[in-house]
Structures are given as structure tokens and as C-alpha cells.
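Student: All I have is the shape, not the residue letters:
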Ligand code: NI
């Protein structure tokens with residue numbers, strides 16, 4: 001059984017035909033999925049989609065691309081969603097973080113404030129958080145270390161999703177208790193760097209994710225991604241680590257259950 005810990009099934013590509021994509025995922029052995037928000041509407045949709053669906057969980061947060069929509073109103077909305085979540089369907093805050101990749105990225109102070117305040121919200125509700133870090137490794141670590149210095153970071157604070165840094169940087173995150181998520185790029189010809197990191201870190205800190213509809217693994221590279229393609233990522237990582245796919249699946253699913261602590265299926 002596989003856990004796709006990072007999907008955007010709240011993307012309009014999926015919403016009309018959600019059940020068909022879930023059925024395909026289950027037939028491929030992917031029975032557990034997190035739906036990750038990227039702004040307020042997509043976070044609310046994730047919560048709605050997870051409701052009454054076994055094995056489907058929601059993660060709410062504002063992506064660095066939309067960091068300027070993080071304000072008191074957004075925070076109040078997230079607090080309302082968390083307070084109303086009696087079934088325990090909201091398993092984390094995210095995706096939050098810093099993205100300096102694009103020339104038109106939002107100003108760094110705006111991104112840092114949204115990251116920091118949403119991280120504090122996660123800590124307040126004793127939830128992990130899902131970090132989007134693109135070309136911003138050092139600044140991400142600094143914001144996290146500030147919160148850690150205030151004594152607010154959990155022992156297992158969250159996951160660096162679609163990990164793209166060096167092994168050395170990974171060691172610093174592991175020391176802080178983070179998990180690292182790996183996606184389609186580990187199957188790419190030019191994906192040797194993330195594959196090397198995914199092979200070298202302790203198996204107990206490894207998570208699988210598709211980031212669908214983005215980043216489809218080989219042999220679907222360049223097409224729309226979906227949770228049913230997660231086994232291609234699992235197979236590649238199992239091969240690289242010298243494990244059977246079943247062993248890798250069991251370990252990474254156990255990791256995800258330990259970090260996200262979803263309520264038992266209703
Ligand atoms: Ni994502």
C-alpha cells in the first residue's frame with residue numbers, strides 16, 4: 001500500500017472526474033493521499049474533497065507564489081477550518097515556504113512572513129508542515145531556525161517536499177527532524193542528484209509524492225501526472241536503495257503515517 005503524500009487533486013484538471021482518478025490510484029496500490037492546498041479556495045476544496053472519503057486527507061496553506069494573499073482574513077479562515085475539523089482530516093499545514101526561482105517571485109520579506117506565520121499556526125495546532133523550497137534553501141532554514149530558537153518547533157516538524165538540495169543540506173534538515181519527499185524527477189535521466197540524496201538518507205525519513213498534476217515520472221514525463229503513477233517513483237527508489245518495491249512501499253507508508261498521523265479511516 002502506497003501513500004501519495006503530495007497531490008493537487010484540488011487542481012481543476014482533476015475536479016470534474018475526481019472519483020475516476022481515485023479509482024485508478026487505488027488499482028495501482030495508492031490507497032492513501034494528501035490533497036495539498038496552495039491558496040484559501042484550494043485549501044477549502046481539499047477539506048471538502050477529503051470529507052467522507054476514506055484514506056484521503058487535506059493539507060491547508062498558502063504557497064509562496066500566493067504569499068501576498070496571506071492576511072488576517074486567510075488566517076481566520078484556516079482557524080475556522082481547523083476548529084470545524086472534528087474528523088481529523090486536516091493532517092498538516094502547507095504547502096508553505098519560499099520560492100526565489102522566478103524573476104517575478106514575490107518580495108522575499110512578504111514570502112518569509114507568510115512562511116513564518118503559517119509555520120507558527122502549524123506548531124500551535126501541533127500539526128506538521130509541508131515546505132516548498134525552490135532556490136531558497138538557506139533562507140528556508142533561517143526562518144525555521146528562528147522558530148526553533150523560540151522553542152516552538154515539534155520534534156518532527158514536517159517535510160521538505162520535492163527535495164532538491166544537496167546531501168549536506170539534507171543532513172541539517174534531518175538533524176532538525178524533517179522528512180524529505182521525492183517525486184518524478186528521481187526517474188528522469190537528469191535526476192541523478194535527488195536520486196543520490198534519496199538513496200543516502202535514512203529510510204525512516206523518506207516520503208513518496210507525485211505533486212500531480214505536475215512532474216509526471218518516466219515513462220509519462222511531460223504529460224499530466226496523477227496519483228496512479230506513484231509506483232514508478234517507488235520502483236526507482238527501491239532499485240536505487242537495493243530494496244524490493246514492497247519493502248520501500250511499506251517503509252515510506254509507515255513514515256507518512258507517523259508524520260501525518262491521520263485518524264483511522266471512518
Ligand atoms: Ni505542490
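Tutor: Received, thanks. Keep in mind the model is a prediction, meaning the values are calculated, not measured. Numbers count the residues shown, from 1 in each chain.

Student: Doesn't residue 225 lie inside a helix?
Tutor: No: Residue 225 is assigned coil when assessed by DSSP: H, G, I helix; E, B strand; the rest coil, not a helix.

Student: what about it, how many neighbours?
Tutor: 23 (other C-beta atoms under 10 Å). Any C-beta I mention is one placed from the backbone N, CA and C, and that applies to glycine too.

Student: One more: residue 106?
Tutor: Residue 106, neighbours per other C-beta under 10 Å, totals 18.

Student: For residue 127, see how far away the residue nearest to it when sequence neighbours are not counted is.
Tutor: Distances taken as C-beta to C-beta, 6 or more residues apart in numbering place residue 67 nearest to residue 106, at 5.1 Å, with adjacent residues excluded. Distance of residue 67 to residue 127, computed by C-beta to C-beta, to the nearest Å: 19 Å.

Student: before we move on, what about residue 181?
Tutor: Residue 181 is 16 Å from residue 127, where distance means C-beta to C-beta.

Student: Show me where the stretch 1-150 of the chain has its strands.
Tutor: 2-7, 30-36, 56-60, 90-99, 129-134 (DSSP state E, counting those that start in this stretch).

Student: quick one on the thing from earlier: thinking the residue nearest to residue 106 is in contact with residue 118, fair?
Tutor: No: with contact defined as C-beta atoms under 8 Å, residue 67 does not reach residue 118; the gap is 9.3 Å.

Student: Please name the bridge partners of the residue nearest to residue 139 when sequence neighbours are not counted.
Tutor: Spatially, and ignoring its direct neighbours in sequence, residue 139 is nearest to residue 98 (5.4 Å; C-beta to C-beta, 6+ apart). Residue 98 forms beta bridges with residue 133, as assigned by DSSP bridges.

Student: Excluding chain neighbours, what is closest to residue 97?
Tutor: residue 132 (3.8 Å).

Student: ok, now how distant is that neighbour from residue 246?
Tutor: Residue 132 is 30 Å from residue 246, by C-beta to C-beta.

Student: buried sites along stretch 46-62?
Tutor: If you call a residue buried by 16 or more other C-beta atoms under 10 Å, then stretch 46-62 has these buried ones: 46-47, 49-50, 53, 55-62.

Student: Which of the residues you listed lies at the shortest distance from residue 87?
Tutor: When the buried residues of stretch 46-62 are compared for distance to residue 87 (C-beta to C-beta), residue 50 comes out closest, at 8.6 Å.

Student: I'd say that closest one and residue 35 touch.
Tutor: Yes: between residue 50 and residue 35 there is a contact under C-beta under 8 Å: 6.1 Å.

Student: Name the residues contacting each of those two.
Tutor: Here residue 50 and residue 35 share the contacting residues 56, 57, 58, scored by C-beta atoms under 8 Å, 6 or more residues apart in numbering.

Student: Put together TSV for those residues, with distance to residue 1 on each row.
Tutor: Converted to TSV, the shared contacts of residue 50 and residue 35 look like this (distance: C-beta to C-beta, whole Å):
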residue	distance to residue 1
56	14
57	15
58	20
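
Student: any idea which of those is closest to residue 231?
Tutor: Closest to residue 231, out of all of the shared contacts of residue 50 and residue 35 and judged by C-beta to C-beta, is residue 56, at 18.3 Å.

Student: any idea how far the closest one is from residue 181?
Tutor: Noted for residue 56: a distance of 18 Å to residue 181, by C-beta to C-beta.

Student: Repeat that for residue 29.
Tutor: 18 Å.
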